[in-house]
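Novice: Following is a predicted model, sequence given first.
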Amino acid sequence: MRSLYCGEVNESHVGQEVTLCGWVNRRRDLGAVIFLDLRDREGIVQVVYDPDFPDVLEKANTLRNEFCVQVKGKVRARPDGQVNKDMATGAIEVLGLELTILNKSAPLPLDSNQKNSEEQRLKYRYLDLRRPEMTERMRFRAKVTSAVRSSLESQGFLDIETPILTAATPEGARDYLVPSRTHKGQFFALPQSPQLFKQLLMMSGMERYYQIVKCFRDEDLRADRQPEFTQIDIETSFMSSDQVMEVTETMIRSLFQELLNVDLGEFPRMPYSEAMTRFGSDKPDLRNPLEIVDVADILKDVEFKVFSGPANDEKGRVAVICVPGGAAKFSRKGIDELTKFVGIYGAKGMPWLKVNDINAGLEGLQSPILKFLTEDAVKTLLARTNAKTGDIIFFGSDTYNVVTESLGALRLKIGEDLELLQGEWKPLWVVDFPMFEEVDGHMHAIHHPFTAPTNLTATELEANPVGALSDAYDMVLNGCELGGGSVRIHNQDMQAAVFRILGISDEEAQEKFGFLLEALQYGAPPHAGLAFGLDRLVMLMTGASSIRDVMAFPKTTTAACPLTNAPGHANPAQLKELGIACLEKESDTDEKAE
């Protein structure tokens, strides 16, 4: 039906007749002449209808936005002074000779000026996706997946599918369950990741596996989370963590070079402990120059218990952030707002100190807590933070976790509010994660229970699980975790030791992971892998503010689909066949009782 796409028409086609198909992006009626902006997925071209072809001009007069049409015409150069440098096709136009209306459009439910709520955009997603901005994101996403496949397959990786209907795996979120009709009362789980299957593929001798795969997690949502999302899933045999990082870093660097013409350079590596100490996050945004500085040793002996208490507690932390030039930028009201902000993370307050004149000693400082600090402590504090005239210092003093989380969040907020971010792209690897964390007396795996420890035997691991480091690694870019992975446990004794540390009994381990434990008995090779969040990667590369803007048909923040009205009620006959009964809400029952 077409000879080429709208966005492909250029000066080389001048004098040629072309056939185009697409949608009316805009129509301008100048009386004797009608200008039409015709749009398809490749771009927009201007079509002109003039009085020399009255029948076609009359038909063009009936067109409205989003009519689907076929246009036949002759390409001509635009007159001098009318070239549109903002359009890829701005040097030419098409003189309309024939016009076929393929389908009319009803009045649009979306505002053409894009003053639409996200709910409206998702309800009429097929119209929202017609916008050039959204079309380009879908095209870019396709380029990313194509480049990923090309990169991995050139290195011998095999694209292998894994089951969607499977058993539950311990990934840290609730599972989406699917009832079984043939096994009443039993359920499949949609995979939170193909973790166990990709390990089994390594035990099957596949050696290098990848898959661009749908994963499902029933968890609270936010801008970069969806109940169903897409992973670039990678697993290898006989490769160390360094080798896995090298392969995947090369892939990401080539993606940015090929699609954005950006050289990310070599990725630095940073231990988890350093990331938390300096930045208060295991995915630090290195574009932000602000850092957290520990000052507990300076304030251990001051009379101010707010500082000296945590400073002398092994589970406490006292730290500061020095904001260059911040003294004049934060009024008392602004400081109060920041204090409320850190309160979200458990901080009970936020002492501050303004450096009005660094050369005036204590007289050049301003703070409600200054009277509680010794002159020596202040001098050491200013020296350690490298404070200058005009700076402001914010304090955090509480338990280690509260101070780390609150100052980490404060660092990000101030960096964005004051526009301190430097550089466009700042990648890194975060490594040497703790193997476990203790919560309410129970041990939990930081990554997942199949992650191998670094240079420890099973006996050594059980002797000191809190001090163990995992052979795990996360790729971080601009404060976002692009992907994470680890060397896997390939030894049955080590896997059993990890299960014991986590409080998983032998019976529970056999019930949930018996097939994996059995597979470990038959010459399982050393293996390691990594999974990238494709949606998050594309979001960053396109500059979108949410992963919903790079997914064709995403869910809302309440995990609903306005387009299809999902989730919905099941047919009673279906429920009966599945052996499922739906309970009424307590409120409904109470109302009936009344």
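Specialist: Noted; the coordinates are in hand. Residues are numbered from 1 along each chain as shown.
Novice: quick one: E462 and I501 touch, right?
Specialist: Yes: at 6.3 Å, E462 and I501 qualify as touching, with contact defined as C-beta atoms under 8 Å. Using the backbone N, CA and C atoms, a C-beta is placed for each residue, glycine as well.
Novice: quick one: I547 from D285, how far?
Specialist: According to C-beta to C-beta, to the nearest Å, I547 stands 18 Å off from D285.
Novice: Show me the contact partners of the host helix or strand of L381.
Specialist: If you go by DSSP states H and E, L381 is part of helix 375-385. The contact list for helix 375-385, computed with C-beta atoms under 8 Å, 6 or more residues apart in numbering, reads 293, 295, 298-299, 302, 320, 322, 355, 358, 361-362, 365, 370, 373, 387, 391, 393.
Novice: Please identify the buried residues of it?
Specialist: Along helix 375-385, these residues count as buried under the neighbour rule (16 or more other C-beta atoms under 10 Å): A377, V378, L381, L382, T385.
Novice: go on, stretch 293-311?
Specialist: Result for stretch 293-311 [16+ other C-beta under 10 Å]: buried residues V293, V295, A296, I298, L299, V302, F304, V306, F307, S308, P310, A311.
Novice: Restricted to helices, list those.
Specialist: If you go by DSSP state H, the buried residues of stretch 293-311 have A296, I298, L299, V306, F307, S308, P310, A311 in helices.
Novice: hang on, the fifth one packs against V403?
Specialist: Yep, that's F307 we're talking about. No: contact criterion C-beta under 8 Å: F307 and V403 do not qualify, at 11.4 Å.
Novice: joint contacts of those two?
Specialist: Common neighbours of F307 and V403 are listed as V318, S397 (criterion: C-beta under 8 Å, 6+ apart).
Novice: How far does stretch 59-72 sit from its chain's centre?
Specialist: Stretch 59-72 sits 40 Å away from the centroid of its parent chain (C-alpha atoms, centre = their mean, to the nearest Å).
Novice: just the helices in the stretch 451-594 of the chain please.
Specialist: For the stretch 451-594 of the chain, the helices defined by DSSP state H, counting those that start in this stretch occupy 458-463, 492-501, 506-519, 534-542, 572-578, 586-593.
Novice: hey, least reliable of the ones you listed by pLDDT?
Specialist: Comparing mean pLDDT across these, the weakest is helix 586-593, with a mean of 50.
Novice: In JSON lines: the helices of the stretch 451-594 of the chain, plus mean neighbour count and distance to L38.
Specialist: What follows is the helices of the stretch 451-594 of the chain, written out as JSON lines (neighbours: other C-beta atoms under 10 Å; distance: least, C-beta to C-beta, whole Å):
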{"stretch": "helix 458-463", "mean neighbour count": "15", "distance to L38": "66"}
{"stretch": "helix 492-501", "mean neighbour count": "19", "distance to L38": "61"}
{"stretch": "helix 506-519", "mean neighbour count": "15", "distance to L38": "57"}
{"stretch": "helix 534-542", "mean neighbour count": "22", "distance to L38": "25"}
{"stretch": "helix 572-578", "mean neighbour count": "12", "distance to L38": "46"}
{"stretch": "helix 586-593", "mean neighbour count": "9", "distance to L38": "54"}
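Novice: of all the ones you listed, which lies closest to Q211?
Specialist: helix 534-542 (11.0 Å; C-beta to C-beta).
Novice: Run through the neighbouring helices and strands of that closest one.
Specialist: helix 132-153, strand 228-237, helix 241-260, strand 480-487 (3 or more C-beta pairs under 8 Å, 6 or more residues apart in numbering; DSSP states H and E).
Novice: What ranges does the stretch 351-500 of the chain have for its strands?
Specialist: Under the criterion DSSP state E, counting those that start in this stretch, the stretch 351-500 of the chain contains strands at 352-355, 365-366, 392-399, 427-431, 436-439, 442-445, 472-477, 480-487.
Novice: rewinding a little: of all the ones in helices among the buried residues of stretch 293-311, which two lie farthest apart?
Specialist: It's I298 and V306 that sit farthest apart of these, by C-beta to C-beta, at 14.1 Å.
Novice: got the buried residues for stretch 279-291?
Specialist: By 16+ other C-beta under 10 Å, the buried positions in stretch 279-291 come out as F279, G280, S281, D282, K283, P284, D285, L286, N288, L290, E291.
Novice: make that stretch 333-344, sorry
Specialist: Taking 16+ other C-beta under 10 Å as the criterion, stretch 333-344 shows I335, L338, T339, F341, V342 as buried.
Novice: so can I have JSON lines of those showing pLDDT?
Specialist: What follows is those, written out as JSON lines (pLDDT from 0 to 100):
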{"residue": "I335", "pLDDT": "96"}
{"residue": "L338", "pLDDT": "97"}
{"residue": "T339", "pLDDT": "97"}
{"residue": "F341", "pLDDT": "97"}
{"residue": "V342", "pLDDT": "97"}
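Novice: From the residues you listed, pick the one nearest D220.
Specialist: F341 (20.2 Å).
Novice: report the angle between the axes of whichever strand or helix holds the closest one and strand 392-399?
Specialist: Take DSSP H and E as the rule and F341 turns out to sit in helix 332-343. In terms of direction (axes from the mean of the first three to the mean of the last three C-alpha atoms, to 10 degrees), helix 332-343 departs from strand 392-399 by 30 degrees.
Novice: So which other helices or strands are in contact with helix 332-343?
Specialist: Where contact means 3+ C-beta pairs under 8 Å, 6+ apart, helix 332-343 is packed against helix 400-417.
Novice: Contacts for stretch 136-154, please.
Specialist: 41, 129, 159, 208, 210, 212, 232, 234, 250-251, 254-255, 258-259, 534, 537-538, 541-542, 544, 549-550, 552.
Novice: gap between that stretch and the chain center?
Specialist: Centroid separation between stretch 136-154 and its chain, computed with C-alpha atoms, centre = their mean, is 17 Å.
Novice: Worst mean pLDDT across the helices and strands of the protein, which element?
Specialist: Across the helices and strands of the chain, mean confidence by mean pLDDT, DSSP states H and E is lowest for helix 586-593: a mean of 50.
Novice: Sketch out the low-pLDDT regions of the chain for me.
Specialist: Filtered on pLDDT under 70, the chain yields the residue ranges 169-172, 221-224, 586-594.
Novice: so what's V323 up against?
Specialist: By C-beta under 8 Å, 6+ apart, the neighbours of V323 are L290, K329, F330, D391, I392, I393, F394, I414, L418.
Novice: Got phi/psi on it?
Specialist: phi -100, psi 110 (degrees, to the nearest 10).
Novice: what pairs with it across the strands?
Specialist: Counting by DSSP bridges, V323 is bridged to I392.
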